[in-house]
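> quick one, structure for this:
(chains A and B)
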Amino acid sequence: MTEKTIVGIFDNVIPVEIYHAANLATVWISDSLSNSLPGIDYFPTQSCLYCRSVEKHIDRLSASCRGVIFANTCTSMEKLYEIFLRKSAMDFVEMVDVPKVASEASVYFYKERLKSLAVKMEAQYGLPVEKESLHEAIKLNNKLRNTLRGKKLYRSLLLKDDPLSLSNIKGKIGRIETHEEKHRGDRPRLLVMGARIEEDSLAKAVEQEGACVAVYLTDNGDSYNSISVDENTGDPFEALARGYLDIGRGRRTITELPDIKMLREMVVNERIDGIVTLSYPYCARTVYDVAWVKKHREWLDVPMLNLQMDNTGMASAGLRNRISAFIEMVEAREGKYV
Amino acid sequence: MNNTSTKYMTKFQTLLKFPNLIKSKSVYKIMQSNYEDLRKVMEDGESYCAVSVFVPSEILSALNVHFLPLEPVTATAFQLWVAREVDDIHQEMLGSDTCCCSGPLILALYERGLIPLPKYIIACSHMCDDSLKAFNFVSKHYDIPIFNIDVPYYHDDKAISYVASQLRDMVEFICQLEGASFDIDALREVIAVSNRTNDYRHTLFNMTKKNPPVFKLFENLPLYPLFTKFGRKALEEIYAGLVDEAQNRIEEGRWASGDGNYRMLWLGMIPLAYPHLFTLLDSLKFEFSMTELMYHSDFDEMDATEPFIALSRKLMNYPLVGNSEKRIDRIGKVIKDFGIEGVIHFNHRGCIAFNGDNFIASEYLREKGIPFLVLEGDIANKDAGSMEKMQEALLNFRNVLEEQYGRR
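This is a model prediction of the structure:
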């Protein structure tokens, strides 16, 4: 395989550094999948909307990626992996066994799993993961995320559908460093959080309707940007396991619920005027997370809007109307934007 | 206790006053034991540990912990309490009705004050995200200590050691909260009890391999959650009683079937919300020699010399842990051993753990030439599925079976 071999990644918990070290390019499989296409339904109708959308794209993804990597972050992802394993024409379809709890034992287990993955990549696919390359990949990916964080940009803005590899990452960092964000003006500042599906379209819709996304707590936003891998740990696999599991904060495991104290701090520090949450049907993670945030609505002390996605996408008039009405309400609340 | 929970306990107690209503003496004993577990919490105010169904009960028994598996508690409780309110509970608890009902029902147990709060919680990632989220929600909302058991997807030696180390940590967690000390020999003894109970279960399975089923599908229901109590001596006695009872029924020719019945396998959950379904299945001459809920918790003999490794293996070997191949292999084995002629899968709304394998099961069964039917609904909410549609599908399925096997 050449360097241009592209691997599709579904989850933030998968260390892309391992693939970059193996001279592969990674691409984030995230948005633009929500509008349901005609195709075979392997998933039952009453199940995760994201997985039901992705399964329709098996052929398209097979044409653009040589392989895909899943993580067992939820049962639906496990089932989606099995569908790809059986139905896609890719060279390799892998699942990374990610712990569902954040503890020292789970860091050790995850480290061993990542090492096994590297061994398998060399033995099965002839893609060695050299220690030096891994260190370099860790440094560069940290720098990329730091740069995005510093600029308050989110991954999809500059990297969407754009494969990332060791050879082009420096160029991308340079582009982000010189990127000048358009002046957002005096507009309502929203915190957007929740599901991955349509997250970018939601951000765009919010901006088009007259508000700005001040905090973006989604897979493409701060959840990605906040990953930090220790560059000085002797064992890079341990550093990756610890960094990606976010040990100490444990926010990336399904057993965790959103940290309300952290949200409140963000609301105050970032002068947030409203929170928009995004969930989709039959996704326990988003449904319970949103319910948890809603339970603390009074304490958070800002208006909230929950959008539950159907198959119509963010372009639907109904969703646009709700976003628009919410922004109007936020503007009128304290009168500061009127 | 509030009014609703008092009413529930009274209903439960009233039912137990009429043992003749429940044909099987062993099933009656199971219900008595379930009632007693709940009564201790509801009436005596005994503290308890709330667990999800696949938390190894052997450890809890060895430490003499009073525990309640919440999924079975909600399954039975909501039949008597609030079966008609499931949609409202979804909305009230989560603001959405698009997920499995088990989680919101667990939240409702506490939000509505139907049952006292647990002293602590132990949850297991097998077998679903919804219950894991619900248990963690309860823990965080009421500030109750929780221990989560993480069951990996692949089950190699590293995964077995990882789960075993978590089970050791679970013991420490309990000991700290209970002020108890742990005796590994007590755990070994409990594992021996669990093994013997499983032997009785195998005997019960074997009795119906080539024979008609001894118990009807509906009669079986109280047996399903029993695996949550493995390791208790009382359960061993109940299983011994079930085997005796089954033996007597066989000797007296009292099969739960009639001539020309179709030998069926039921996959997925059993929909308690549709009582008429059971009558319909009987009238269509579908006899359920085996159900997935019955054999899913089956296990190979555990090695008591290494109890944590043995319990870890037991947990990881369940057919729904990891790759679907394991589940499909087990389905194939049951079809062969029990001479199954048709398979019905009940798609419980939002249950991806079971429903997500349907396409694989369907391809496998097509290859084997076994007719396969999928029914859609909700185990607790009858409004989420149409009984009329199910009836129509079952009648058509019966025609398919008639055509295939030439029996009318």
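> which single residue of the stretch 51-200 of chain A ends up nearest chain B?
A:Lys79 (3.4 Å; CB to the nearest CB). (C-beta placed from N, C-alpha, C; glycine too.)
> without its sequence neighbours, what residue ends up closest to that residue?
Of all residues not flanking A:Lys79 in the chain, B:Gly356 sits nearest, at 3.4 Å (CB to CB, 6 or more residues apart in numbering or on different chains).
> repeat that for B:Ala192.
Nearest in space to B:Ala192, with sequence neighbours left out and distances taken as CB to CB, 6+ apart, is B:Ala304 at 5.6 Å.
> and that neighbour, what does it touch?
The contact partners of B:Ala304, taken as CB atoms under 8 Å, 6 or more residues apart in numbering or on different chains, are B:188-189, B:191-192, B:195, B:310.
> quick revisit: go through whatever helix or strand the residue of the stretch 51-200 of chain A closest to chain B lives in and flag the buried ones.
Using DSSP states H and E, A:Lys79 falls within helix A:75-87. Taking 16 or more other CB atoms under 10 Å in any protein chain shown as the basis for neighbour counts, the residues of helix A:75-87 that come out buried are A:75-85, A:87.
> tell me where the model's unsure across chain A.
For chain A, the stretches flagged by pLDDT under 70 are A:1-4, A:30-40, A:156-161, A:181-185, A:247-252, A:310-315, A:334-338.
> centre-most residue in it?
The central residue of chain A, meaning the one whose C-alpha is nearest the mean C-alpha position (CA atoms, centre = their mean), is A:Asp219 at 2.1 Å.
> looking at this, B:Leu267 is in a helix?
No: if the criterion is DSSP: H, G, I helix; E, B strand; the rest coil, then B:Leu267 is strand and not within a helix.
> who touches it in this structure?
The contact partners of B:Leu267, by CB under 8 Å, 6+ apart, come to B:291-292, B:331, B:343-346, B:354, B:361.
> on that earlier part again, phi first, then psi, for the residue nearest to B:Ala192.
According to degrees, to the nearest 10, the main-chain angles of B:Ala304 amount to phi -70, psi -10.
> how near is it to B:Arg313?
Between B:Ala304 and B:Arg313 the distance is 12 Å, computed by CB to CB, to the nearest Å.
> one step back: closest to B:Glu71 among the buried residues of helix A:75-87?
Distance ranking of the buried residues of helix A:75-87 against B:Glu71, using CB to CB, places A:Thr75 first at 15.6 Å.
> wait, what's in contact with B:Ile250?
Counting by CB under 8 Å, 6+ apart, the residues that B:Ile250 touches are B:207, B:211, B:214.
> quick check: which element contains it?
Per DSSP H and E, B:Ile250 falls inside helix B:233-251.
> buried residues in that helix?
Going by neighbour count (16+ other CB under 10 Å), the buried part of helix B:233-251 is B:235-236, B:238-243, B:245-246, B:249.
> pLDDT on that helix, on average?
When the per-residue pLDDT values of helix B:233-251 are averaged, the result is 90.
> ok, the closest residue to A:Leu144 other than its chain neighbours to A:Thr218 distance?
Closest residue in space to A:Leu144, ignoring its immediate chain neighbours: A:Ile173 at 5.5 Å, by CB to CB, 6+ apart. Using CB to CB, one gets 22 Å for the distance from A:Ile173 to A:Thr218.
> which one of these two is surrounded by more residues?
Neighbour count, other CB atoms under 10 Å in any protein chain shown: between A:Ile173 and A:Thr218, A:Thr218 has more, with 26 against 19.
> residues near the closest residue to the more buried one other than its chain neighbours, how many?
Here the nearest residue to A:Thr218 in space, its sequence neighbours aside, is A:Glu199; by CB to CB, 6+ apart that works out to 4.4 Å. The burial count assigned to A:Glu199 is 25, neighbours taken as other CB under 10 Å.
> quick check: A:Glu199 vs A:Val192, distance?
Separation of A:Glu199 from A:Val192 (CB to CB) stands at 7 Å.
> what touches both of these two?
With contacts defined as CB under 8 Å, 6+ apart, the residues shared by A:Glu199 and A:Val192 are A:218, A:221, A:278.
> and which of these is nearest to B:Tyr162?
Nearest to B:Tyr162 among the shared contacts of A:Glu199 and A:Val192, with distances taken as CB to CB, is A:Thr218, at 29.9 Å.
> for that closest one, list the residues it contacts.
Residues counted as contacts of A:Thr218 (CB under 8 Å, 6+ apart) are A:154, A:192-196, A:199, A:278.
> cool, A:Asp97 as well?
If you count contacts by CB under 8 Å, 6+ apart, A:Asp97 has them with A:72, A:110, A:113, B:152-154, B:159.
> how about the strands in the stretch 1-150 of chain A?
When secondary structure is read from DSSP state E, counting those that start in this stretch, the stretch 1-150 of chain A shows strands at A:6-9, A:25-28, A:67-71, A:92-96.
> helices or strands next to the last one in the packing?
Under the contact criterion of 3 or more CB pairs under 8 Å, 6 or more residues apart in numbering or on different chains; DSSP states H and E, the helices and strands touching strand A:92-96 comprise strand A:67-71, helix A:75-87, helix A:104-125.
> test my guess that B:Leu217 contacts B:Leu293.
No: using CB atoms under 8 Å, B:Leu217 makes no contact with B:Leu293, being 10.5 Å away.
> hey, what's in contact with both of the two?
Overlap of the contact sets of B:Leu217 and B:Leu293 (by CB under 8 Å, 6+ apart) consists of B:266, B:270.
> which helices and strands does the host helix or strand of A:Leu190 pack with?
Of the helices and strands defined by DSSP H and E, A:Leu190 is found in strand A:189-194. Strand A:189-194 sits against helix A:199-208, strand A:212-217, helix A:260-269, strand A:274-279, helix A:284-295, with contacts defined as 3+ CB pairs under 8 Å, 6+ apart.
> now do the same for the residue of chain B positioned farthest from its centre: its pLDDT.
Counting by CA atoms, centre = their mean, the extreme residue of chain B relative to its mean C-alpha position is B:Gly406, 34.7 Å from that point. At B:Gly406, the predicted lDDT confidence score is 85.
> and the contacts of the host helix or strand of B:His90?
For B:His90, the element it lies in under DSSP H and E is helix B:86-94. Residues lying outside helix B:86-94 but in contact with it, judged by CB under 8 Å, 6+ apart, are A:287-288, A:291, B:78, B:82, B:96-97, B:99, B:101, B:103-105, B:107-108, B:111, B:378, B:380-381, B:383-384.
> and for stretch B:224-235?
If you take CB under 8 Å, 6+ apart as the criterion, stretch B:224-235 is touched by B:30, B:33, B:51, B:53, B:57-58, B:60-62, B:69, B:71-72, B:75, B:190-191, B:193-194, B:197-198, B:238-239, B:270, B:291, B:293-294, B:297.
> so which of these belong to helices?
With helices taken from DSSP state H, the overlap with these comprises B:30, B:33, B:57-58, B:60-62, B:71-72, B:75, B:190-191, B:193-194, B:197-198, B:238-239, B:293-294.
> just give me the closest of the contacts of A:Asp97 to A:His296.
Nearest to A:His296 among these: A:Asn72, at 29.2 Å, using CB to CB.
> burial count for the residue nearest to A:Arg149 when sequence neighbours are not counted?
Leaving aside its sequence neighbours, A:Arg149 sits nearest to A:Asn225 (CB to CB, 6+ apart; 4.3 Å). A:Asn225 sits with 21 neighbouring residues when counted by other CB under 10 Å.
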